[in-house]
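Novice: Here's my sequence, what's the structure:
(one chain, ligands or ions: 2)
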Amino acid sequence: MLPYEALEAEARARLPEAVFDYYAGGSGEESTLADNTAAWGRLRLRPRVLRDVSSVNTGTELLGARLASPVLVAPTAFHSLAHPEAERATARGTREAGSLLVLSSRASRRVEDVAAEAGPWWLQVYVFKDRGLTRALVRRAVAAGARALVLTGDTPVVGRKRRDRGDSALGLPEEDFLANLEGLTRRELAEQAPDVTFADIDWLRELSGLPVLVKGVLRADDARACLHHGAAGLIVSNHGGRQLDGAVATAEALPEVVEAVDGRVPVLVDGGVRTGRDVLRALALGARAVLLGRPVLWGLATGGAEGVRRVLDGLREDTARTLALAGVPDVSSVGADLVARTLWR
Ligand SMILES: Cc1cc2nc3c(=O)[nH]c(=O)nc-3n(C[C@H](O)[C@H](O)[C@H](O)COP(=O)(O)O)c2cc1C
Ligand SMILES: O=C(O)C(=O)c1ccccc1
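Specialist: Ligands and ions are numbered 1, 2, ... in the order given. The predicted structure is shown next:
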């Protein structure tokens, strides 16, 4: 079994079935979920030979943050389902690994408490129907030291997950659901705003004074519109196959977004990244960094902060070995030449 599959199996054995299925599952027929990993696997590599790789450096810099590797922690909801220390443990493990945490708007612990354990972190923003809820959360995140906002653009409504057993099966305490929704007493009041638009990029920029990245971009025209509204970065994502099923795999969408952005802001990508080879593939297609969703949840479920650190350190080491095997001494030397143009795919 691959290390990732072994880790997933261990998490599955530890978690209640409904929780595992909530984390692991995707929407619809789960075709996009399956395609994300498969699409990275289809890209064939073109290693360089006879390069000096006696010292390989995975370090990188992203919007002013120094990182041990080009791997960030993706925003995922409700970490208290995986571990009693919840997002506080995720924040600690992420900091210890020299990575950056993108904290979900649906976190199960208060942003102030998570920030106290975190290294560099960004807040993922859901715009709620009641924009006052979002405004209050953003203000608290700014006060607590968030360095950027990540506006999720692919969730005007929540995708139907085929493995969903209903809210009550998860056993999530009400206070965990409402951790960052000041003054709310009922979860039904925290609905996604179906009218979230590009104008909300401007709104969030002005409200926070922070750089705003947009997550969920899969098309060149949308990438250009985000830049027009002042986005400081883009994350190519299909929400780990949890929103529109049938949406294109992120490895396939990445090149057109990179081309449209033309180096003006960093482009990141997530979805199905599991190995150092996948990290190299993403960088070769023009991503500045990748984000990890489910693997971090499995690390948290199996080992708390230490488990999160192990997942991130493990992927950093695998990335370093992959770079050496590909004849690349550092992240900034990765180029499009590292992947084959596969005509037979
Ligand atoms: C259980 C779960 C919860 C998620 N919650 C959020 C969220 O609150 N906000 C968000 O922008 N994305 C959320 N995502 C999507 C992730 O940020 C990310 O796009 C995706 O998980 C990456 O794919 P991967 O899990 O294959 O690495 C969630 C994903 C999972 C699996
Ligand atoms: O589960 C998710 O992927 C997610 O982003 C979400 C959206 C709304 C409520 C809870 C989680």
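Novice: what's whichever residue of the chain sits closest to ligand 1 sitting at in phi/psi?
Specialist: Relative to ligand 1, the nearest point of the chain is G293 (2.2 Å; C-beta to the nearest ligand atom). For every residue, glycine as well, the C-beta is placed using N, CA and C. The phi/psi pair for G293 (degrees, to the nearest 10) reads phi -100, psi -90.
Novice: Show the contacting residues for it.
Specialist: With contacts defined as C-beta atoms under 8 Å, 6 or more residues apart in numbering, the neighbours of G293 are 74, 76, 240, 270-271.
Novice: go with 6 Å
Specialist: With contacts defined as C-beta atoms under 6 Å, 6 or more residues apart in numbering, G293 is in contact with 74, 76, 240.
Novice: In space, what's closest to the first one - neighbours in sequence excluded?
Specialist: Counting by C-beta to C-beta, 6 or more residues apart in numbering, A74 lies nearest to L291, which is 3.8 Å off, once chain neighbours are set aside.
Novice: Likewise for L137?
Specialist: Per C-beta to C-beta, 6+ apart, closest to L137 is N180, 5.3 Å.
Novice: need the residues of the stretch 1-150 of the chain near ligand 1, please.
Specialist: Neighbours of ligand 1 within the stretch 1-150 of the chain, by C-beta under 6 Å from any ligand atom: 23, 36, 74-77, 104, 106, 124.
Novice: sorry, back to before: can you redo the contacts of G293 as TSV with distance to ligand 2?
Specialist: Below are the contacts of G293 laid out as TSV (distance: C-beta to the nearest ligand atom, whole Å):
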residue	distance to ligand 2
A74	10
T76	7
G240	7
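Novice: Can you tell me which of the residues you listed lies closest to D337?
Specialist: A74 (28.1 Å; C-beta to C-beta).
Novice: That closest one reaches D270, doesn't it?
Specialist: Yes. If you go by C-beta atoms under 6 Å, A74 and D270 touch, sitting 5.1 Å apart.
Novice: Now do the shared contacts for these two.
Specialist: With C-beta under 6 Å, 6+ apart as the test, A74 and D270 both reach L291.
Novice: where exactly do the helices run in this structure?
Specialist: In order along the chain, the chain carries the following helices (DSSP state H): 3-14, 17-24, 31-42, 86-96, 111-115, 131-144, 167-170, 174-177, 199-208, 220-228, 250-261, 276-284, 294-325.
Novice: re the thing from before, distance of the residue nearest to L137 relative to F128?
Specialist: According to C-beta to C-beta, to the nearest Å, N180 stands 11 Å off from F128.
Novice: Repeat that for E85.
Specialist: Counting by C-beta to C-beta - E85 and F128 are separated by 26 Å.
Novice: which of the contacts of G293 tops the neighbour count?
Specialist: Compared across the contacts of G293, A74 has the highest neighbour count, 27 neighbours, by other C-beta atoms under 10 Å.
Novice: for it, what are its contacts?
Specialist: Counting by C-beta under 6 Å, 6+ apart, A74 makes contact with 270, 291-293.
Novice: can you tell me which residues contact V217?
Specialist: Each residue near V217 by C-beta under 6 Å, 6+ apart is listed here: 223, 234, 236, 257.
Novice: Distance of the first one relative to ligand 2?
Specialist: Between A223 and ligand 2 the distance is 21 Å, computed by C-beta to the nearest ligand atom, to the nearest Å.
Novice: By proximity to ligand 2, which residue of the stretch 201-345 of the chain wins?
Specialist: Residue nearest to ligand 2 within the stretch 201-345 of the chain: R242 (4.4 Å; C-beta to the nearest ligand atom).
Novice: follow-up on the earlier one: ok, so what distance separates the residue nearest to A74 from S168?
Specialist: L291 is 30 Å from S168, where distance means C-beta to C-beta.
Novice: between these two, who's got more neighbours?
Specialist: Taking neighbours as other C-beta under 10 Å, L291 and S168 compare with L291 leading, 27 against 8.
Novice: Isn't that one up against L72?
Specialist: Yes. In this structure, L291 is within contact of L72 by C-beta under 6 Å, at 4.7 Å.
Novice: Is it correct that W298 is in contact with A6?
Specialist: No. Judged on C-beta under 6 Å, W298 makes no contact with A6 at a distance of 9.7 Å.
Novice: Compare neighbour counts for the two and give me the winner.
Specialist: The residue with more neighbours, out of W298 and A6, is W298; 26 against 11, by other C-beta under 10 Å.
Novice: list the contacts for the more buried one?
Specialist: Applying C-beta under 6 Å, 6+ apart to W298 gives the contacts 7-8, 11.
Novice: Adding pLDDT, write these out as CSV.
Specialist: Listed next are the contacts of W298 as CSV, based on pLDDT from 0 to 100:
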residue, pLDDT
L7, 98
E8, 98
A11, 98
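Novice: Going by distance to T94, which of the residues you listed wins?
Specialist: L7 (16.5 Å).
Novice: show me where pLDDT drops low in the chain?
Specialist: With pLDDT under 70 as the threshold, the chain has low-confidence stretches at 342-345.
Novice: Centre of it to the edge, which residue is at the far end?
Specialist: L50 (34.7 Å; C-alpha atoms, centre = their mean).
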